[in-house]
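A.B. asks: The following block contains a protein sequence and its predicted model.
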Amino acid sequence: MARKIIFMPHANIQYSQLPPEKRLWVIENCYKKLFTLVKENDYKIAFEASGKTVEEIAEKSPETMALLKELIASGNIEPVSSPYIHFMPANIPEELCVHSLVHALNTWEKFTGKRPTIGWKPECGWASHIPAAYKKAGIKTLIMDADSFYLSFDEIRKATGLNYDVFGHSNKNQLFKIEEFIKDKPEFLKYLTNPSVTKDGLQMIFRTDSMANLLLWYLMGATEGMRKVPVSRDEIKQMLTNWQSRIDESGSFIMPYAEDAEYIGSSAYFYVKQFNQARFFEEEPKSVERFKEIIETAKTLGYELSTPSEVIASGNLIENDLIDRIENGVAWHGGTAKAWMNTDFSRIMDPVCNNMFTGIKAICNYLGKDVEKVDGHLDKALRALADAWVSDSRWPPAPTSPGRFNVKESIAAMYLTNDEIEKAMAENGIAEKKSLYSHNLMKSQIAGIEKILMDIKYFGE
């Protein structure tokens, strides 16, 4: 049986420090170049995007959307979905997560003609409600973070020396220690080289920074004081060769790249994430060619380009009832989802978002409506509230920060949510029942935090 390999660039047009006026540039300089590469070379990959990203591609660059739609129809790209808004599902009420996931699936189907069955969690954040939320929305297979999973084992945590906290941005450069520990242990390797399934029937495919981080540094061609010379193609070849024997011993595939699509064509967030430098989305034309080199290297070694659904269909699913050991509030890169809740921006904005969600639930309970299936102005209110909860208006932490425009977008979404809740109460004949929700008081609360947030000096200003 051929060793399969999955490449899954994932896209988020709502990136912190990516101004709305530059989104078209990212679509055409990153996503379009990726799709063109796939078409010209008849590659097979997975591509993840939030519903908002899909919609922005369609509206801002119809030619790019036409190319994506064509490649999905031909089977060269398998679509992978996340919530409509790039928020942290681990930090969001389950009902809102389900609502946004369904909205995203509808958006994918509207613009591409295909409804994804594969799901992705932004930042791979984790909480116990996530599997149920994704299954309820219609996702059959979830891409998981192997590093978070492996760090739930005491012996691996001890071997890495990595400790979680609620402030950590990333520990990705330490995660190679996980690979060092598991490289000769099939009982752990099998989760990376086989699809698995929970007792509730959720199928899973795991990705890891032990492979993705090396590929990212290769794409960037960077040293920045961390290395004497950039990662070479020979190092990529050696890494992929090392995994061949591990696949043969324990499974059938690997997923070496489940990282940002924006790194194919631009520097995206690399320099701020790695070095706290105020450098965002600089053009990196060589990264497109390097991504091709990675794929060609894999093909030369005999790997078969595959998609998540093809890996699932090939069988070899193993039972995995251990995901409930993954720590509540962790995320990928050895970081935590709770770090997104503990920036100054989150501590100011999240209570307002929670208050509005509590109001929506109170109204739904009074009307006997299911929060996940509302329509009319309540539906619009939930969509706007998801917008307000977007992760990139809360990230990154000090000494860096989101862009001022990111925060303005969340504030505008809060005002819209509040107005839609007021309209929903009128729509349902309960405008006078202000014990359920007070539009005027919430408006003053939003105005209060707006002043605080706009008085802040932002990174790079």
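C.D. replies: Sure, I can see it.

A.B. asks: going forward, measure contacts between C-alpha atoms and count neighbours the same way
C.D. replies: Noted.

A.B. asks: So residue 405 is in contact with residue 19, correct?
C.D. replies: Yes: Residue 405 is in contact with residue 19 according to CA atoms under 8 Å; the separation is 7.0 Å.

A.B. asks: what about these two, which has more around it?
C.D. replies: residue 405 (17 against 14; other CA atoms under 10 Å).

A.B. asks: Let me know the secondary structure of that one.
C.D. replies: The three-state label given to residue 405 by DSSP: H, G, I helix; E, B strand; the rest coil is helix.

A.B. asks: For residue 351, grab phi and psi.
C.D. replies: Note on residue 351: backbone dihedrals following degrees, to the nearest 10 are phi -60, psi -40.

A.B. asks: Look up how far residue 358 lies from it.
C.D. replies: Distance, residue 351 to residue 358, by CA to CA, to the nearest Å: 10 Å.

A.B. asks: Who has more neighbours out of those two?
C.D. replies: With neighbours defined as other CA under 10 Å, residue 351 and residue 358 compare such that residue 358 has more, 15 against 11.

A.B. asks: Let me see the confidence value for the more buried one.
C.D. replies: For residue 358, the model assigns a pLDDT of 98.

A.B. asks: Next secondary structure after the helix or strand where it lies?
C.D. replies: According to DSSP states H and E, residue 358 maps onto helix 344-367. Per DSSP H and E, the first helix or strand lying C-terminal to helix 344-367 is helix 376-388.

A.B. asks: now the angle between helix 344-367 and that following helix, please.
C.D. replies: Interaxial angle of helix 376-388 relative to helix 344-367 (axes from the mean of the first three to the mean of the last three CA atoms, to 10 degrees): 160 degrees.

A.B. asks: Which elements pack onto helix 376-388?
C.D. replies: Helix 376-388 sits against helix 94-112, helix 344-367, helix 404-427, with contacts defined as 3 or more CA pairs under 8 Å, 6 or more residues apart in numbering; DSSP states H and E.

A.B. asks: Give me the buried stretch members for the first one, please.
C.D. replies: Within helix 94-112, the residues that qualify as buried by neighbour count (16 or more other CA atoms under 10 Å) are 94-108, 111-112.

A.B. asks: Same question for the second one.
C.D. replies: Along helix 344-367, these residues count as buried under the neighbour rule (16+ other CA under 10 Å): 345-346, 348-350, 352-353, 356-357, 359-364.

A.B. asks: Check the last one too.
C.D. replies: For helix 404-427, the neighbour count (16+ other CA under 10 Å) marks 404-408, 410-411, 413-425 as buried.

A.B. asks: orientation of it relative to helix 376-388 in degrees?
C.D. replies: Between helix 404-427 and helix 376-388, the angle comes out at 160 degrees (the same axes, to 10 degrees).

A.B. asks: if we can go back for a sec, which stretch among the helices and strands packed on helix 376-388 comes nearest residue 160?
C.D. replies: helix 344-367 (29.7 Å; CA to CA).

A.B. asks: Hey, what's the angle from that closest one to helix 94-112? Just curious.
C.D. replies: 90 degrees.
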